[in-house]
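Novice: sequence isn't available, so here's the structure alone:
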Ligand SMILES: [Mn+2]
C-alpha cells in the first residue's frame, strides 16, 4: 500500500480541475530531462485516456534517448513551433506545469504560459516553488515529478486510468531522476509504485537499455577522453574536477546531452564526496558548472557561494560568465579550499 503523501485537499482540488477541463496544455522546463519528458508524457497519456485534448510543449530540444516514448513525436518544441504552440496555449483551459518551480525555468515559453488565463496546476519536487499556479503540489522530498504524477493519478481514481504507455513514461522519469534508483531512492513507496508500473506490462529492462545503452561512438569516446585525460582527482579533499572547452567539445562532435550524467561517474571512485564538472557553452561566453555530492555535503551551498547557482543538497549547478576556463578552474580550487574542512 502506498502511503498518503499528497494532501487530501490538494488531491480533491486537482481532481476538480482535471474533471472540469477540456483542453490541456502540459509544459516542462528548458533542456528537458528524463523526468520532465517522462512526467509530461505520463500526464498526457492520462489526459487522453480521460478523453481530454492534450498537448505537451517544452521550451526547446530534449535528448534523443527519450524519443522511444509512445507520444514523443507529438511534443511541440516552443523554439521551433512558436505559433502552433501559442494556438494550443490560447485554447487551453488547464495548464499542467511539471518538474519546475518557477516560470524562468521555461525561458521564453514562460511568457504565454504566465499570461494565459487558463487554470494552472504545478506538480514538482524542486525546493522553494514560486506561487504562479492556482494549485501548487510541491514535495521536494519526492524522488521525481514522475513519482508525484503517479501519486496524483492513483489518488484521484486508482491506476486503471494509467495506460501501459503512461506507465513506461513515468518509469523512465523515476529511473533517470534517481540514477537507476541509486540515489534519492530510499522511500519504500518508490518500489510499490514500480510494482504497479510493472503490472501494466512495461518492459523495464528494455526501457533501461533504450535510455542508457544509447551512446553514439563520438559520445562514448568523449567519455573515455574525460576519464583518462581530463579528470583531476584531489585525494585529500575526496573531490574530483573535469573541464571541457569548446575546442574539446567540437573535437568529439559534441551535441547537447552528450555529457549527461557523466558528472556522477567520479563519485564511483572510492571515498569521493564531491564531483565538479565545468563545460564551456557553445553559444555564449559562459561556463556551466555541475556539482554532485554524497551524504550531507551541500553541493547547492557551494554552487550558490562560488558559481552563481543552487539546487539540491547532492545535485546542483551554476554558471560563470565572461572568463577563461583557467580562471574558472581557479574559482573551483578556491571553492574546494573553502570547503576543505567538510571534505576532509
Ligand atoms: Mn525531476
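Specialist: Arrived safely, thanks for sending. Keep in mind the model is a prediction, meaning the values are calculated, not measured.
Novice: any idea which helix or strand comes after the lowest-mean-pLDDT helix or strand in the chain?
Specialist: Sorted by mean pLDDT, DSSP states H and E, the helices and strands of the chain end with strand 310-311, the least confident at a mean of 89. In the C-terminal direction, the helix or strand that comes right after strand 310-311 (DSSP states H and E) is strand 315-321.
Novice: could you list the buried residues of that next one?
Specialist: Of the residues in strand 315-321, those scored as buried under the neighbour-count criterion (16 or more other C-beta atoms under 10 Å) are 315-318, 320. All C-beta atoms are positioned from the backbone trio N, CA, C, and that covers glycine.
Novice: likewise stretch 270-279?
Specialist: 272-279.
Novice: for the spatially closest residue to residue 236 that is not a sequence neighbour, give me its contacts.
Specialist: Among residues not flanking residue 236 along the chain, residue 344 sits closest, at 6.5 Å (C-beta to C-beta, 6 or more residues apart in numbering). For residue 344, the set of contacting residues under the criterion of C-beta atoms under 8 Å, 6 or more residues apart in numbering consists of 236-238.
Novice: just to revisit the earlier point, could you spell out the sheet neighbours of the least confident helix or strand of the chain, each with its direction?
Specialist: strand 315-321 (antiparallel) (DSSP bridges).
Novice: related to what we said a few turns ago, which one of the contacts of residue 344 has the most neighbours?
Specialist: Scoring the contacts of residue 344 on neighbours with other C-beta atoms under 10 Å, the highest-scoring entry is residue 238 at 21 neighbours.
Novice: look up how far residue 254 lies from that one.
Specialist: When distances are taken as C-beta to C-beta, to the nearest Å, residue 238 and residue 254 turn out to be 29 Å apart.
Novice: check residue 306 too.
Specialist: 25 Å.
Novice: give me the phi and psi for the residue lying closest to residue 227 once chain neighbours are set aside.
Specialist: Counting by C-beta to C-beta, 6+ apart, residue 227 lies nearest to residue 265, which is 7.2 Å off, once chain neighbours are set aside. The phi and psi torsions at residue 265 (degrees, to the nearest 10) take the values phi -60, psi -40.
Novice: how many neighbouring residues does residue 265 have?
Specialist: Residue 265 is flanked by 18 other residues according to other C-beta under 10 Å.
Novice: quick one, domains of this protein?
Specialist: Following automatic domain parsing, the chain resolves into domains at 8-212, 217-343.
Novice: what about these, which gets the closest to the ion?
Specialist: Go through the domains of the chain one by one with C-beta to the ion and the one that ends up closest to the ion is domain 8-212, at 3.3 Å.
Novice: tell me the contacts of residue 317?
Specialist: If you count contacts by C-beta under 8 Å, 6+ apart, then residue 317 has 288-291, 303, 307, 309-311 around it.
Novice: switch to 10 Å and redo it
Specialist: Residues in contact with residue 317, defined by C-beta atoms under 10 Å, 6 or more residues apart in numbering, are 263, 277, 288-292, 299-300, 303, 307-311.
Novice: and it, how far from residue 305?
Specialist: As it turns out, when the distance is counted by C-beta to C-beta, residue 317 lies 13 Å from residue 305.
Novice: residues from this protein in reach of the ion?
Specialist: If contacts are counted using C-beta under 5 Å from the ion, the residues of the chain sitting beside the ion are 35, 99, 144-145, 177.
Novice: helices - which of those residues land there?
Specialist: Filtering those for membership in helices, criterion DSSP state H, returns 35, 145, 177.
Novice: which phi and psi does the closest residue to residue 237 other than its chain neighbours have?
Specialist: Counting by C-beta to C-beta, 6+ apart, the nearest residue to residue 237 once its immediate chain neighbours are dropped is residue 343, at 4.4 Å. As for residue 343, its main-chain torsions (degrees, to the nearest 10) stand at phi -70, psi -40.
Novice: cool, residue 216 as well?
Specialist: Backbone geometry at residue 216, expressed as degrees, to the nearest 10, gives phi -80, psi 160.
Novice: so how far is the ion from it?
Specialist: Relative to the ion, residue 216 is positioned 25 Å away (criterion: C-beta to the ion, to the nearest Å).
Novice: ok now do that residue, which residues does it touch?
Specialist: Residue 216 neighbours (C-beta under 10 Å, 6+ apart): 64, 222, 252-253, 255, 258.
Novice: likewise residue 272?
Specialist: 233-235, 237-240, 265-266, 292-294, 343.
Novice: check it and give its pLDDT.
Specialist: We have a pLDDT of 98 for residue 272.
Novice: next one: residue 282
Specialist: We have a pLDDT of 89 for residue 282.
Novice: same check on residue 149?
Specialist: In this model, residue 149 carries a pLDDT of 98.
Novice: show me the contacts for the residue nearest to residue 227.
Specialist: Residue 265 makes contact with 223, 226-227, 231, 240, 242, 272, 275, 277, 292 under the criterion C-beta under 10 Å, 6+ apart.
Novice: who wins on neighbours among those residues?
Specialist: Of all those, the highest neighbour tally under other C-beta under 10 Å goes to residue 292, namely 27 neighbours.
Novice: shouldn't that residue be within a strand?
Specialist: Yes. Inclusion of residue 292 in a strand is indicated when DSSP: H, G, I helix; E, B strand; the rest coil is applied.
Novice: give me the contacts around stretch 326-333.
Specialist: 232, 234, 237, 239, 241, 243, 245, 276-280, 286-289, 291, 302, 306-307, 320, 323-324.
Novice: which residues of the stretch 201-344 of the chain fall in strands?
Specialist: With DSSP state E, counting those that start in this stretch as the criterion, the stretch 201-344 of the chain has strands at 232-234, 239-244, 274-280, 286-293, 310-311, 315-321.
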